[in-house]
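Chemist: Got a predicted structure here, sequence first:
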Amino acid sequence: MKTKHVLAGLILLATAIALVAFNAPERKAFTPKGCVFRTVMGEESSADFAKYKTPERVVTSIERGLAWVAEAQNKNGGWGAGSHYRQQEMNPHAVATDPATTAMVSMALLRTGNNLQQGRYSPQLKRALEYLLNAVETSPIQSHNITNITGTQIQTKLGANIDVVLTSQFLSNMLAEQNISAELRQRILRAQEICVQKIQLAQSADGSIAGSGWAGVLQSSFATNALEAAEANGVKIDKKKLEKAREFQKSNYNAQTGEVNTDMGAGVVLYSVSGSARASAKEARRVEESMERAKSEGKIAKDAVPSAENLMKLGYSRDEAVRYNTSYEVYQSAKVQAQRDDVLDGFGNNGGEEFLSYLQTGESMVINKDNSWQTWYDNTSGRILKIQNNDGSWNGHHCITSPVFCTASCVLILSIQNDIDKLHQVGR
């Protein structure tokens with residue numbers, strides 16, 4: 001019996017040593033380095049993603065990240081990123097909770113197989129949902145946001161209204177869940193309708209979202225995503241507002257010249273390009289599917305390529321043909337732009353904004369049913385695994401440094417294949 005116990009202990013010890021050896025060096029003390037970026041963006045994507053199996057090392061990494069973030073939850077059910085003025089604070093219990101960070105963690109819990117009925121972190125998800133529903137329900141009707149907290153890392157970098165945007169995305173994910181009571185579903189639906197109203201209320205004339213932060217193009221991009229997801233889950237939205245939001249994102253990238261407008265992207269190509277690819281993914285997919293269907297039916301030549309002229313042959317109006325073809329060109333060209341050496345090499349080191357951009361890139365690939373998604377995933381997951389801290393968390397080294405927000409973002413990226421069906425639904 002003693003021998004068995006000794007062997008068991010040795011196995012556990014060997015496992016622990018292997019895990020420590022596999023992960024990145026311990027987190028170093030935070031040193032402000034300014035807002036400079038390593039714009040690494042594996043904008044390739046994957047064929048046959050439904051059959052793509054998550055590598056074992058990635059599964060281990062995700063589990064460690066989830067365990068860390070579960071311990072970081074505060075008593076009120078929320079998580080916080082902390083103040084923009086205290087970016088060096090890495091203790092998750094030393095900062096105030098905020099809806100944006102709570103929504104990101106909640107989406108990570110959902111994507112990794114937890115729901116209100118089952119999963120190791122089901123209790124944490126339940127408390128987080130209650131926290132977010134209360135935040136929405138108690139917010140003033142005419143306000144643009146769902147919190148009175150200001151000056152968070154997330155708000156300062158992404159935009160003053162990012163909390164309602166990310167909460168809206170989380171609520172859409174909850175509406176897509178099964179086995180929710182009719183009463184709770186109605187409560188979530190009402191909260192989502194409030195969020196959509198606030199997002200549309202905050203939309204500026206050019207389609208962007210008011211209160212842009214340092215990299216406000218990301219807030220506007222996520223707002224576009226939120227409206228698309230809400231619509232896919234049966235929530236009534238203003239279609240003109242959604243179209244304006246898409247046009248704003250697409251306008252940041254010129255598919256003909258390859259020029260990128262980074263005015264609201266902090267001068268960083270990555271942010272604008274990932275937003276443009278994400279905003280154009282749904283319409284680009286429609287173009288591709290329309291072309292393939294027409295070819296199979298003999299309506300156009302087998303070697304025909306997408307163009308406004310060909311789309312008009314398929315029944316699109318002139319305005320629709322131009323719009324959809326532009327989306328197709330933006331999406332295809334943005335991928336090429338994102339793989340250019342000067343974009344991939346960049347400078348500086350990773351922050352939460354980079355992780356968000358990677359996430360948008362990957363989701364746009366899946367929505368578009370892009371056949372190179374697996375390559376993007378392998379490249380991106382490899383980079384992320386290398387920088388995981390020994391305690392299971394990730395943190396940024398500039399701007400959004402919050403270990404809670406960065407850990408949630410990285411878990412969402414690593415587990416993206418779990419949401420293939422949901423993302424396909426958004427792209428319909």
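Modeler: Noted; the coordinates are in hand.

Chemist: So what's the residue count around the residue lying closest to Gly119 once chain neighbours are set aside?
Modeler: Distance criterion CB to CB, 6 or more residues apart in numbering; nearest residue to Gly119, sequence neighbours excluded, is Gly113 at 5.5 Å. The way it works is simple: take the backbone N, C-alpha and C, and place the C-beta from them, glycine included. Neighbour count for Gly113, taken as other CB atoms under 10 Å: 15.

Chemist: and what of Ile154?
Modeler: Residues lying near Ile154 (other CB under 10 Å) number 29.

Chemist: ok, now the one 5 residues further on?
Modeler: Using other CB under 10 Å, Gly159 is surrounded by 30 other residues.

Chemist: excluding its backbone neighbours, what's nearest it?
Modeler: For Gly159, the closest residue by CB to CB, 6+ apart turns out to be Gln219, at 3.0 Å.

Chemist: And the one you found, which helix or strand is it part of?
Modeler: In this structure, Gln219 is located in helix 216-232 according to DSSP states H and E.

Chemist: Check the separation of the first and last residues in stretch 62-82.
Modeler: Using CA to CA, to the nearest Å, the end-to-end distance of stretch 62-82 comes to 23 Å.

Chemist: For Ser208, which non-adjacent residue is closest in space?
Modeler: Per CB to CB, 6+ apart, closest to Ser208 is Ser220, 4.4 Å.

Chemist: Neighbours of that neighbour, how many?
Modeler: By other CB under 10 Å, 29 other residues sit near Ser220.

Chemist: same question, Tyr377
Modeler: Quick note: Tyr377 (other CB under 10 Å) scores 26 neighbours.

Chemist: any idea which element it lies in?
Modeler: helix 373-386.

Chemist: Helices of the stretch 301-428 of the chain, start to end?
Modeler: In the stretch 301-428 of the chain, the segments counted as helices under DSSP state H, counting those that start in this stretch are 308-313, 318-338, 341-345, 352-367, 373-386, 403-414, 420-426.

Chemist: and Asn161, which of those is closest to it?
Modeler: Nearest to Asn161 among these is helix 352-367; the distance by CB to CB comes to 15.4 Å.

Chemist: Which parts of the helix holding Gln219 count as buried, going by neighbours?
Modeler: 216-232 (16 or more other CB atoms under 10 Å).

Chemist: One more: stretch 290-306?
Modeler: For stretch 290-306, by 16+ other CB under 10 Å, it's 290-291, 294, 300, 306.

Chemist: now, which of those lie within strands?
Modeler: If you go by DSSP state E, these have nothing in strands.

Chemist: Now that we have the residues you listed, can you turn them into TSV and tack on pLDDT and distance to Asn325?
Modeler: As requested, the buried residues of stretch 290-306 are exported to TSV (pLDDT from 0 to 100; distance: CB to CB, whole Å):
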residue	pLDDT	distance to Asn325
Ser290	87	11
Met291	85	11
Ala294	89	14
Ile300	90	14
Pro306	87	6
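
Chemist: Mind checking which of these are in helices?
Modeler: If you go by DSSP state H, the buried residues of stretch 290-306 have 290-291, 294 in helices.

Chemist: where in the stretch 1-150 of the chain is pLDDT low?
Modeler: 1-54, 87 (pLDDT under 70).

Chemist: quick one: the strands in this structure?
Modeler: Going by DSSP E, the chain shows no strands.

Chemist: What segments of the stretch 1-150 of the chain are helices?
Modeler: 2-22, 56-71, 99-111, 122-137.

Chemist: the inter-axis angle of the third one versus helix 216-232?
Modeler: Between the axes of helix 99-111 and helix 216-232, defined by axes from the mean of the first three to the mean of the last three CA atoms, to 10 degrees, the angle is 50 degrees.

Chemist: Quick check: which helices or strands does helix 99-111 pack against?
Modeler: Here helix 99-111 touches helix 56-71, helix 122-137, helix 153-158, helix 162-175, helix 403-414, going by 3 or more CB pairs under 8 Å, 6 or more residues apart in numbering; DSSP states H and E.

Chemist: re earlier: need the buried residues of stretch 290-306 in TSV (columns: distance to Glu243).
Modeler: Below are the buried residues of stretch 290-306 laid out as TSV (distance: CB to CB, whole Å):
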residue	distance to Glu243
Ser290	18
Met291	22
Ala294	24
Ile300	26
Pro306	20
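
Chemist: ok, of these, which one's closest to Ala205?
Modeler: Pro306 (30.2 Å).

Chemist: which residues does that closest one contact?
Modeler: Applying CB atoms under 8 Å, 6 or more residues apart in numbering to Pro306 gives the contacts 287-288, 291, 325, 328-329.

Chemist: The helices and strands packed on helix 99-111 into CSV, with extra columns for distance to Asp378?
Modeler: Formatted as CSV, the helices and strands packed on helix 99-111 follow (distance: least, CB to CB, whole Å):
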stretch, distance to Asp378
helix 56-71, 10
helix 122-137, 29
helix 153-158, 28
helix 162-175, 25
helix 403-414, 11
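
Chemist: among these, which is nearest Trp376?
Modeler: helix 403-414 (10.1 Å).

Chemist: Show me what the closest one is packed against.
Modeler: Using 3+ CB pairs under 8 Å, 6+ apart, helix 403-414 sits against helix 56-71, helix 99-111, helix 352-367, helix 373-386.

Chemist: Looking at these, which is nearest to Ala182?
Modeler: Closest of the helices and strands packed on helix 403-414 to Ala182 is helix 99-111, at 20.0 Å (criterion: CB to CB).

Chemist: burial measure for the nearest residue to Pro55 once chain neighbours are set aside, as a count.
Modeler: Excluding its sequence neighbours, the residue lying closest to Pro55 (CB to CB, 6+ apart) is Ser381, at 7.5 Å. Using other CB under 10 Å, Ser381 has 24 neighbouring residues.

Chemist: related to what we said a few turns ago, would you confirm that the residue nearest to Gly119 contacts Asn418?
Modeler: Yes - between Gly113 and Asn418 there is a contact at 6.9 Å, judged by CB atoms under 8 Å.

Chemist: Tell me how far Asn74 lies from Gly234.
Modeler: Counting by CB to CB, to the nearest Å, the separation of Asn74 from Gly234 is 32 Å.

Chemist: Mind checking which of these two has more residues around it?
Modeler: Set Asn74 next to Gly234 and count neighbours by other CB under 10 Å: Asn74 wins out with 17 against 11.

Chemist: Show the contacting residues for the closest residue to the more buried one other than its chain neighbours.
Modeler: Counting by CB to CB, 6+ apart, the nearest residue to Asn74 once its immediate chain neighbours are dropped is Thr97, at 5.1 Å. Applying CB under 8 Å, 6+ apart, one finds that Thr97 lies in contact with 74, 76-80, 131.

Chemist: If we use 7 Å, what do you get?
Modeler: By CB atoms under 7 Å, 6 or more residues apart in numbering, the contact list for Thr97 reads 74, 76, 78-80.
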